[in-house]
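In: Compute the structure for the input listed below.
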Amino acid sequence: MLKQFEGLEEKTITSDDYGISTSNMTMQRLNRARVMLRLMMNKLSDSDRVRAGYSFTDIVTECTFAGKTCTSSDFVSFLHPDYGICYSFVSDREITRPGAEQGLRMLMTVNQDSPHFTEFDFLPTTDSSTIRAIIHMPEEYPDFSKNGFKIGASTQAMIAFSKTGKGRLDKPYSECTSPGEEGENYYKNYTYTFNLCQHSCLQRLAWEHCKCVDPLYRKGDEHTYCSTPTESQYTLRIRSIIVHLVLCLVNLTSHTPPPDTEEGRTVCDCKSPCTESALQKTVTYGVYPSAKYKVAAGTQEQRGVLLDILGGGRQGDGDEDSDDYDGTTPTTKDPLCLPEWLTDNEVLKATDVNALACRASYKSIYNNPNITVIQGYPCLSTKRCKSCVMFTDPLHPIWDWPCSYSDYPSVCKKFNDNSTSSISCSEFFDAFDFIPTGVNVPNITNWNTGALPSATNCDSASASTSTDTCWSQTVCVRNESSHDLTKLKQNPLIDKEFLDYINVDDSMDPCFVQEQALTAARWRLDQNGGNGRRRRSISMSSNSTTDPAVNLTVDKPGFGSCEYANSNFKSAADCIKWYRRNGLMFEMYYETLLVQSYTQGPSYNLVTMLSDVAGHAGLWLGLSVISIVEFIALFFMGEIANREEQSRKKTLQRSPYSIDAN
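Out: Below is the predicted model of the structure:
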């Protein structure tokens, strides 16, 4: 699908089995390809998706929190339908004041290419060299679509944030959702938000109109995720179904009434929560690294891990400002693998102490960039070192061999000299299993068990010339082996399930197999010996603890610093250029420790209404409380006076006195 999408965009092909080209708009075609990729990825098991993703040390080169080193043990991983394996910082550490010095600081890489050779590691649907990040409360779902943000390569991003709380009133003042009233919500394990309610609503709409739901969101028990058929099932009818399915998911909102109608406003019936917390962000950007800044990555312990992987690195004190640390004309390096392997602690878990001891005994094998070593799963070797060995370059000289014979006669003595190491073959094959890729193997019966060259029938020859001829035509002959890595699927030394997963083809090299094998081995160890949290590290001390303050986990610092000893880069300028293309600095801290709370309340209540009535009455009618009291008092005083007057008149009418004149 991805090859078709890339070819369609470059206009090198016209065939389209997935309906991508049915739109003339670039963004619509890109969106359809991403939806199709999501449906295909959802068919993989979680373990396969973890193995296909980046490890922690692939993307985090250096990490500090409040001035102290943080490691992979301070993070937990989870799977996202679009972004694959993601990592959450969950360290339980306290800070006492705001500011960048008390924040999280990480040097990260987007891995567009390797310092050794240009090889893009991005899918054709990836439109930017960025990381996707989100800051959220522990109880909240990491909703990248709403709160996520991007930080691009060659960028220094500083994110200052503060916490705010909001409280809303329910009816009759507004409509909000209280805990336990979320309705049909598929994110019950997380704090309810308006956006999660809409995600659940979209799944119900998808189930109604598309008869399946989008893997991007969580689903109900009655739902099934949309899927794509296998290649063996692919027909023209299936193609039309796929096109219809993708278009249905992409255009899902077109099935709903317009949002400016009453029906459109209530199609999902989602309300804001009555109480919620939010993190307010302020993001500032700069350029990283500067033109002359020599990137210093990791602690001294991490530097030691990297130099061990590089076989000690460059020796001596070279010119740190040199344009060529190796003193040669800059050339494109051969695509050789870095000699990476499981940590000592991981080897002990996966194999045994004897296999671990091989690291020190056979440095010429383990530290050799021309040799790929897979120790432990998926290598199924039962030899002493539990290791499978291959030459890194499939086009290696066909006469080379990983060990040395000393038993050939003079006629074919050249085979005694064409050895990658000085280890005798009897010792080598006692410790290792060798997988020949493009290298001619000796004509020795049971060479893989350490058998030596021998031609007893040649010893009875009467003349030396006939003896030499006998050897040169028999034991001295080398048998051709294939350069094709797909032949590994027929090799019993590598786990077949692993080979089926990585699906090796003739375009791959042992570097890819080594990288995938390392990831698969670590995932297997995590699954078999942990609490279900998938954590990755490159080197861990056996006395590591779970206390973040004293955790002794030491991670590999990516490709390392811009220093002479680091053989990953040919010069300081080359190192700076690579980090300008692939590196970014991410800093996050509290702007203030104060929590601002906003509580909704009625702005007009009964008391306010009475005050307004009295105020307006006094203003427009000249009335006030005192005026009313005076009116009542005057009324009663008038009543009293009137009654007294009536009483006096009645008294005069009944008087018994009269006046007579004489």
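
In: how about the nearest residue to Asp433 once chain neighbours are set aside, secondary structure?
Out: Spatial nearest neighbour of Asp433, chain neighbours left out: Ser381 (4.2 Å); criterion: C-beta to C-beta, 6 or more residues apart in numbering. For glycine as for every other residue, the C-beta is placed from the backbone atoms N, C-alpha and C. Under DSSP: H, G, I helix; E, B strand; the rest coil, Ser381 falls in the coil class.

In: can you tell me which residues contact Ser381?
Out: Counting by C-beta atoms under 8 Å, 6 or more residues apart in numbering, Ser381 makes contact with Ser387, Cys388, Phe432, Asp433, Leu493.

In: so what's the first one bridging to?
Out: Same thing as Ser387. As for beta bridges, Ser387 partners with Gln375 under DSSP bridges.

In: close enough to count as contact, it and Gln375?
Out: Yes: with contact defined as C-beta atoms under 8 Å, Ser387 counts as touching Gln375 (4.4 Å).

In: Return every residue with contacts to both of those two.
Out: Joint contacts of Ser387 and Gln375 (C-beta under 8 Å, 6+ apart) are Ala355, Cys358.

In: and after the least confident helix or strand in the chain by mean pLDDT, which helix or strand comes next?
Out: Between all helices and strands in the chain, the lowest mean by mean pLDDT, DSSP states H and E belongs to strand 539-540, at a mean of 35. As assigned by DSSP states H and E, the chain's next helix or strand after strand 539-540 is strand 553-554.

In: for the stretch 51-200 of the chain, what spans make up the strands?
Out: In the stretch 51-200 of the chain, the strands defined using DSSP state E, counting those that start in this stretch lie at 60-65, 68-69, 75-80, 84-89, 104-109, 130-133, 149-152, 155-167.

In: Can you add distance to Cys270 and give those strands back as CSV?
Out: Shown next, in CSV, are those (distance: least, C-beta to C-beta, whole Å):
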stretch, distance to Cys270
strand 60-65, 36
strand 68-69, 42
strand 75-80, 23
strand 84-89, 26
strand 104-109, 33
strand 130-133, 25
strand 149-152, 23
strand 155-167, 16
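
In: Now those strands in a markdown table, please, with extra columns for mean neighbour count and distance to Gly183.
Out: Formatted as a markdown table, the strands of the stretch 51-200 of the chain follow (neighbours: other C-beta atoms under 10 Å; distance: least, C-beta to C-beta, whole Å):
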| stretch | mean neighbour count | distance to Gly183 |
| --- | --- | --- |
| strand 60-65 | 21 | 39 |
| strand 68-69 | 15 | 44 |
| strand 75-80 | 16 | 25 |
| strand 84-89 | 17 | 28 |
| strand 104-109 | 21 | 36 |
| strand 130-133 | 18 | 30 |
| strand 149-152 | 15 | 30 |
| strand 155-167 | 17 | 21 |
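
In: can I get the ones you listed in a markdown table with mean pLDDT?
Out: Formatted as a markdown table, the strands of the stretch 51-200 of the chain follow (pLDDT from 0 to 100):
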| stretch | mean pLDDT |
| --- | --- |
| strand 60-65 | 92 |
| strand 68-69 | 89 |
| strand 75-80 | 91 |
| strand 84-89 | 92 |
| strand 104-109 | 94 |
| strand 130-133 | 92 |
| strand 149-152 | 91 |
| strand 155-167 | 93 |
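
In: mind checking which of those is nearest Asp352?
Out: Set against Asp352 and scored by C-beta to C-beta, the strands of the stretch 51-200 of the chain come closest in strand 75-80, at 28.3 Å.

In: Of all the strands of the stretch 51-200 of the chain, which one is nearest Lys349?
Out: Closest approach to Lys349 among these (C-beta to C-beta): strand 75-80, 18.9 Å.

In: Show me how far that closest one is from its chain's centre.
Out: Distance, stretch centre to chain centre, for strand 75-80: 7 Å (C-alpha atoms, centre = their mean, to the nearest Å).

In: and if you look at stretch 253-262?
Out: 35 Å.

In: Could you list the residues in contact with that stretch?
Out: Stretch 253-262 has contacts (C-beta under 8 Å, 6+ apart) with Leu205, His209, Glu263, Gly264, Arg265, Val267.

In: Same check on stretch 591-606?
Out: For stretch 591-606, contacts defined as C-beta under 8 Å, 6+ apart pick out 95, 97-98, 160-169, 173-174, 282.

In: Sticking with Tyr217, tell me its helix or strand.
Out: Per DSSP H and E, there is no helix or strand for Tyr217.

In: all helices of the stretch 551-662 of the chain, in order?
Out: Using DSSP state H, counting those that start in this stretch, the helices of the stretch 551-662 of the chain run over 572-582, 606-620, 625-653.

In: Leu499 - nearest residue in space that isn't next to it in sequence?
Out: Among residues not flanking Leu499 along the chain, Lys489 sits closest, at 5.0 Å (C-beta to C-beta, 6+ apart).

In: Hmm, Asp495 and the one you found touching each other?
Out: No: look at Lys489 against Asp495 with C-beta under 8 Å: they stay out of range, at 10.7 Å.

In: Measure how buried the closest residue to Ser73 other than its chain neighbours is and give me the count.
Out: Spatial nearest neighbour of Ser73, chain neighbours left out: Thr553 (4.5 Å); criterion: C-beta to C-beta, 6+ apart. Residue crowding around Thr553 was assessed by other C-beta atoms under 10 Å; the count is 21.

In: Bridge partners for the residue at minimal distance from the centre of the chain, pull those for me.
Out: In the chain, the residue lying closest to the centroid (C-alpha atoms, centre = their mean) is Cys86, at 2.7 Å. Judged by DSSP bridges, the bridge partners of Cys86 are Phe78.

In: Okay, Phe65 and Val110: tell me how far apart.
Out: Here Phe65 is placed at a distance of 22 Å from Val110 (C-beta to C-beta, to the nearest Å).

In: what do you get for Arg524?
Out: Counting by C-beta to C-beta, the gap from Arg524 to Val110 is 27 Å.

In: Those two: which has the busier surroundings?
Out: Using other C-beta under 10 Å, the more surrounded residue of Arg524 and Val110 is Val110, with 23 against 19.

In: can I assume that one is in contact with Ile131?
Out: Yes: taking contacts as C-beta under 8 Å, Val110 lies within contact range of Ile131: 6.4 Å.
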